[in-house]
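Engineer: compute the structure for the input listed below.
(chains A and B)
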Amino acid sequence: MTKLSSPRRRAAAVALAACLALAGCGSQLDPADLASTSNGGQPVVAGGEVLAPGESALDLGADGSADLGAVPEAGGEVPSIGGGPVDAGGSADAGGEDPDGGAATDPGTSAPESQGGGPSAASCDGFDNDQPGVTPTTITVANIADISGPVPGIFESARQATKAYITYFNATQKVCGRSIKLLELDSRADAGADQQAYARACVETFAAVGSMSAFDSGGAATAEKCGLPDVRSTSVNPERSKCKTCFSAQSLTPGLVPDALPDYFSSVNKQATQNVALLYVNAGAAPVNAASFKKAWETRGWKVNYFQGIDVAEFNFAPYVQQMKDRGTELVYYVGPYQNTIKIQQAMKQQGFKPDIYLQDSTIYDARYVEQAGDVGEGSYAYSSTALFDDMSNPEMKLYRTWLEQVSPGADPNFFGAYAWSSARLFLETAVGLGGDLTRPAMVARLAKVEDWTGNGLHGPQTVGPKATGKCLKIIQLTGGSWKQVSKGTYLCGDLVSTGLGD
Amino acid sequence: MDKFLAYLIPGIFTGAAYAIAASGLVLTYTTTRVFNIAHGAFGMVMAFLFWDFSQRQGLPVWLSLALVLFVVAPLIGFLIQRFVARGLGDSPVSVSLVVTVGLFVGLIGAATAIWPPEPRFVPPLLADETGNDKSFGIGETVVTAQQVITVLASIAVAIALYMLLTRTRIGTAMRASVDNPDLLKLYGGKPDTVAALSWAIGISLAALAGILLVPVVGLGYYELTLLVINAYAAAMVGRLKSLPLTFVGAMGLGIVDSMALGYIPTESVLADVRPVVPPLFLFAALVLLPQAQLRIGQVKGIVSAPVPTVPRMAVTGVVFLVALFVVISPMPEARLLLVGTAATYAMVMLSLVLLTGYGGHVSLAQLTFAGVGALAYAKLDSPNLYGLFLSALIAVGVGALVALPVLRLTGLYLALSTLAFGVLMDKVVFQNERAFGFGGALEANRMSFFGNTVETTQSYVMLMGVFFVLVAMGILILRRGVLGRLLVAMRDSPAACGTLGLDLRWARVALFGLSAGVAGLAGALFAGLRGTIGAADFQYFNSLPLLLLAVVFGITSVTGATLGGIGLMLLPVLSGSNPVAGGIVFLIIGFGAVFAGRDPNGLANLLFRLGRMLRARVLARVDLNLPQLPTRRPGAGAAPAHLSGTADDVPDGSAYTYDDTRDDIVPVAAGSKESR
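Structural biologist: Just a heads-up that it's a prediction; the model follows:
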């Protein structure tokens, strides 16, 4: 595979180099300039040297890996966001109030020291170079995401965000004098391809970071067998959750459902929650998630009167809408891709059916949904465990968006991208924290202890190590073509309802 | 009543869309005897073109519509008939199906290369400025303008086609062309012109269906392409020749589908049936078809690839295994997994060598049988020889069960019944949580022999190689024996076999079972290789490229299956590196198949010819340096032409057919019409 694809990558590297030389990629600022901007105007210092203006920190390797942001020297002062020392996450003001006026939760305060106080770089004594993906100057990590396949580019945002964070990191820091190289692998929305990619990552890289695949069961056993630390954006299939070396920045267990969502809507519109339609696409993990939601929400007092799977190739949604009309549905929840959401909402509009609440997960918290849904999406509710993408008062969101624009001009942020960014931060901060003790088992052991990870305030607290679903979320609504938070506080935090499904 | 109307109206809309698509399908089949599997893919490409004209280039909608329907689509239809479909109707069904599957793959590739992936939206034809469709109410039901246009368009198409076929000279010629193109020619008619016109109209109808459906379905490479598979059911109701019955079938399908959703309670066991109404409809339509008549007086045969002697195949097998060992020894795990995947595909293709290459029956669900084997292996949880063979045996049973209800069918109808089976298995069994569980994946352990597990991937791939060689040898030995000759005779002349008292139907059930067993064995081995398997590994539409590559590389030989397996494994790997480049790869393979697929011996045949040529030259040189030995008997090189001859018998190994009016063999393109 390498031999087949490397000429193309070489060609891409040459084209990119030419593009940079000719300033053909107009909107791309130099990473060094960007880093200095991101750091409160201070010049970025890495190893005591300032990156020269125009010096490219993006170095695509000819072997398919990308040396993202090689910085001249290491060992100097670590730059920070806003001019202070690097806040390694966990210290975000993520506290919020529940709608009942309960005590606000500040997830950040319970972060372990390795994140909460920022990783004071550990001693690099005894660093073992004889590890997969490690050289005296670089550490190679893999990103394995669905790029090609039936829905091309479905999780490209995870790839872009990972690349963005690593570029940012390389422009500002090093891990014991080593910059980070990224090996980009495509899981092609295929479990077999996922397994092949992980087999390669086991040999060629130290860890996998920011990965995101619809059929991520394929490589789970492979990663565990070789001890590969896998810090994903989000885990999808139960097999991945069971993998002992696999973690995700968005921690999820299908059998554990946060009660903050049903409790919020019970408090604001009790009547609607007594007549709920729960629809789901009949593919992948959607059926198990839908079944788990149903059970959990009914435990919290909701009544799901219409529970229906919809074939992935369905195009005529009018009969489903009629079913909801017949049952007097007042709250509609759908588990599936945003493209199908638009079709359902169009059918609802055509049939003159307007429930009190249309609700979905963060899948529709996406610029493409807003653009394509147009006015049929108006008023839709979603829930999200991340900060709002246009909330530039959140420094980490600002940092993510700035570097995303730098690395992938024009790319929109999204949910999976935000968690991929967070996972890259988690991995690299842990690596810095381990210093000379950095090994695969040490990384896994450290990750297994991570709780209340907020990605430096990018999202609500996630119990990464224990892999339990996050308890905190915010309710947002699409009004006037943009998403606005409607729940109080930063996040609503509650408990988890155990459904026993999908474990 | 309001509720009834509420489900009836969407059903009529769906039926109308199916009717337009199915009409085009029927028209091209009746006049050229080519069942265009790529009909939906043409609709998809035309919908993309419509988007390009109306949205990207900003042309008025009416002008875009006219350009696509009356200029581009007919032109493409004409070109396809001239350069692709001409003479295809007389080829074996495996050839004509594969050529259109090649078009199917090629068109998806072309669309991907021309219009790279990005969100695209096609508004309804009468949409307002915000993209919303006009609508009005009938009782409590709201009907959109797009739905009304679709229904009116389907009625207009039905009337126009009826008038064309019954009230015009060209229509009469079209019907005459169906019955006997040669006779039409003798009367001064032009069958080729008639066929070209049919294709032009057929592609225009595909375009119309695509454009009417795209605001509802969405503009993607697969949605529209696969949706038309539902229209096959409607076409079958019309027995691929009656347009009125096709229209009735399409409306019936749309309405039944919609009513099933409205009236089957979601908690009922029957709720699982609702998503599979179209394939069930297709299966029922096929089963209820009348008995196919055997054509007499016409014998068709193809010269198969060389069948080596047992010692030679044993030597070749050992050499293959040694070569495999040498090749995989230095390979990392990731590549070993690819080799194992290729071995799986190759073994599934071996099952097609048996079924299609020797037996002449086409299956469009061979990966589904592999899925059955994999599922059985994982569920049995006996990772040993016993579990492996039991899994294969279960696949044998399922294969035989598929063949039983369609005992009377052959050719295209048999192929389509396997497609319906594949869809049914995918949606009812594989996607059911009782099969692969919630999350859609099952754990499968690697095999063990007498308590020793084949742990390393390298050893496991070698094991797969051994099984591949054993299965290949088994198939070749079968081909050399009485059973093999019987299979080939049945393929070449069912009428002659029937006359001799052979019961073709039960032989076919056995053949299907055996072929499914080989595919099931491959699936079980694949499950062990992967460790976890899921429903997504055996999606029904992936059987189409499998058949495509099997034929392109040679569906009559083990060499073809080996090369085909490697090719199918590489296809997504190559396309994954770059979507546009991937589209071009699909394009090349698809359209390459259109031309290469006409020879069932495929590209492997080129290798055989090269081998013979080299052997002849080398032997000639060796002969020159050897003392003169007694010469062989005169004429030994000119092989006798007999029905079950092999390429060894005929020097160039190409496809030949018998004509009962001649004593010699003639190329297959000049052969007779395919019987059902």
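
Engineer: quick one: contacts for residue A:272?
Structural biologist: A:265, A:330, A:331, A:355, A:356, A:357 (CB atoms under 8 Å, 6 or more residues apart in numbering or on different chains). Glycine gets a C-beta too; all of them are placed from N, C-alpha and C.

Engineer: tell me the spacing between it and residue B:373.
Structural biologist: According to CB to CB, to the nearest Å, residue A:272 and residue B:373 sit 48 Å apart.

Engineer: next one: residue B:242
Structural biologist: Residue B:242 is 39 Å from residue B:373, by CB to CB.

Engineer: ok, the two, which is more surrounded?
Structural biologist: Under the criterion of other CB atoms under 10 Å in any protein chain shown, the comparison of residue B:242 against residue B:373 puts residue B:373 first, with 32 against 15.

Engineer: so what pLDDT did the more buried one get?
Structural biologist: Here the pLDDT value assigned to residue B:373 is 96.

Engineer: wait, it touches residue B:522, no?
Structural biologist: Yes: Residue B:373 lies in contact with residue B:522 (CB atoms under 8 Å); the separation is 6.8 Å.

Engineer: pull the contacting residues for residue 124.
Structural biologist: Here I'm looking at chain A. Residue A:124 sits next to A:176, A:177, A:435, A:436 when contact means CB under 8 Å, 6+ apart.

Engineer: meant chain B, my bad for not saying
Structural biologist: Applying CB under 8 Å, 6+ apart to residue B:124 gives the contacts B:131, B:133, B:144, B:145, B:146, B:215.

Engineer: once you drop chain neighbours, what's closest to the second one?
Structural biologist: Counting by CB to CB, 6 or more residues apart in numbering or on different chains, residue B:133 lies nearest to residue B:124, which is 3.9 Å off, once chain neighbours are set aside.

Engineer: then residue B:219?
Structural biologist: Nearest to residue B:219 is residue B:120, by CB to CB, 6+ apart, at 4.5 Å.

Engineer: let me see the backbone angles for the one you found.
Structural biologist: Main-chain dihedrals, residue B:120, degrees, to the nearest 10: phi -130, psi 150.

Engineer: count of neighbours near it?
Structural biologist: Count around residue B:120 with other CB under 10 Å applied: 17.

Engineer: and it, what's its pLDDT?
Structural biologist: Note for residue B:120: predicted pLDDT of 83.

Engineer: for it, what are its contacts?
Structural biologist: Residue B:120 neighbours (CB under 8 Å, 6+ apart): B:48, B:51, B:55, B:219.

Engineer: surely the third one and residue B:119 touch.
Structural biologist: Okay, so that is residue B:55. No: with contact defined as CB under 8 Å, residue B:55 does not reach residue B:119; the gap is 11.7 Å.

Engineer: circling back to that earlier point, and the contacts of residue B:120 as CSV, adding neighbour count?
Structural biologist: Output for these, formatted as CSV (neighbours: other CB atoms under 10 Å in any protein chain shown):
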residue, neighbour count
B:48, 25
B:51, 21
B:55, 16
B:219, 21
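
Engineer: which one of the residues you listed sits closest to residue B:430?
Structural biologist: Set against residue B:430, the nearest of these by CB to CB is residue B:219 (27.8 Å).

Engineer: in a strand, the closest one, correct?
Structural biologist: No: counting by DSSP: H, G, I helix; E, B strand; the rest coil, residue B:219 is not found in a strand; it is coil.

Engineer: so for it, what's the pLDDT?
Structural biologist: pLDDT at residue B:219 comes out at 86.

Engineer: average pLDDT for the helix or strand harbouring residue A:288?
Structural biologist: Per DSSP states H and E: residue A:288 is located in helix A:286-299. Helix A:286-299 comes out with an average pLDDT of 91.
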